[in-house]
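In: mind looking at a prediction? Sequence and model below.
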Amino acid sequence: MTADQIEALFTRSDGSFLCARWGRPIVPIVFGVEDETLSMVKGAFEAVCALSGHKMAETDPELGANVMVFFFRDWAELTQVPDLDRLVPDLAPLVQRLAAQDANQYRIFRFDEDGAIRASFIFICMDTEMMKVPAETLALSQAVQTILLWSDRAFTDASPLALADGVAVLRPDIAGVIRAAYDPVLPAVAQDASHALRLSARMEALQ
């Protein structure tokens, strides 16, 4: 993967560059699924954290859980979740907008004072298309897209996953970017596109 390709993964629609990783251990909690799917989601985060070298924990001292994953069949269900509007400002208009767009997933990130990720809210509307996706694939995809603050258009043309013998796996090039981004020698947050060159150099060094 070239530096230009890496830069594109973190260049947003407005042209700004922003790469941020988690600044604290990840503590996921999942709503709206059975225990089997819950285990798959947590397992996916464990796998991605193991890849990146980042840690998970049993509890977040500030929030209890800092990755909240919601599965539902209708966007309107979110407005009925107790206290969610306190965690997600302007929840009602957001739900209306996403429903109008026929969206089936949405992620919100919160950041600490230094700009590192401190929390994430993942909303997954199980529409017809989502119902076709195997639970393991869906879980891995969400974990990968949450481990870093990717561009809003990073994976619009190509998924971060690939098929190997019929099983969804993380693409090696994306895995390399994640490992490099979590290298302790690099900053947790970067807003200059030159950071892509540093990521590229770390990818080569880690190979």
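Out: Received the coordinates, thanks.
In: check which residues of the longest helix out of those in the chain are buried.
Out: Longest helix in the chain by number of residues (criterion: DSSP state H): helix 35-52. Neighbour counts over helix 35-52 (16 or more other C-beta atoms under 10 Å) mark T37, L38, M40, V41, K42, A44, F45, V48, C49, L51, S52 as buried. Every C-beta, even on glycine, is put in place using the N, C-alpha and C of the backbone.
In: just how off-centre is it within its chain?
Out: Its chain's C-alpha centre and that of helix 35-52 lie 12 Å apart, by C-alpha atoms, centre = their mean, to the nearest Å.
In: check the gap between D173 and M203 for me.
Out: D173 sits 9 Å away from M203, going by C-beta to C-beta, to the nearest Å.
In: overlap in contacts of the two?
Out: M1 (C-beta atoms under 8 Å, 6 or more residues apart in numbering).
In: any idea how the chain splits into domains?
Out: 1-21+150-207, 22-147 (automatic domain parsing).
In: how about CSV for these, with mean pLDDT added?
Out: Listed next are these as CSV, based on pLDDT from 0 to 100:
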stretch, mean pLDDT
domain 1-21+150-207, 95
domain 22-147, 94
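In: so the residue lying closest to L78 once chain neighbours are set aside, which of the three states?
Out: Spatial nearest neighbour of L78, excluding adjacent residues (C-beta to C-beta, 6 or more residues apart in numbering): V95 at 5.3 Å. Secondary structure state of V95, per DSSP: H, G, I helix; E, B strand; the rest coil, is helix.
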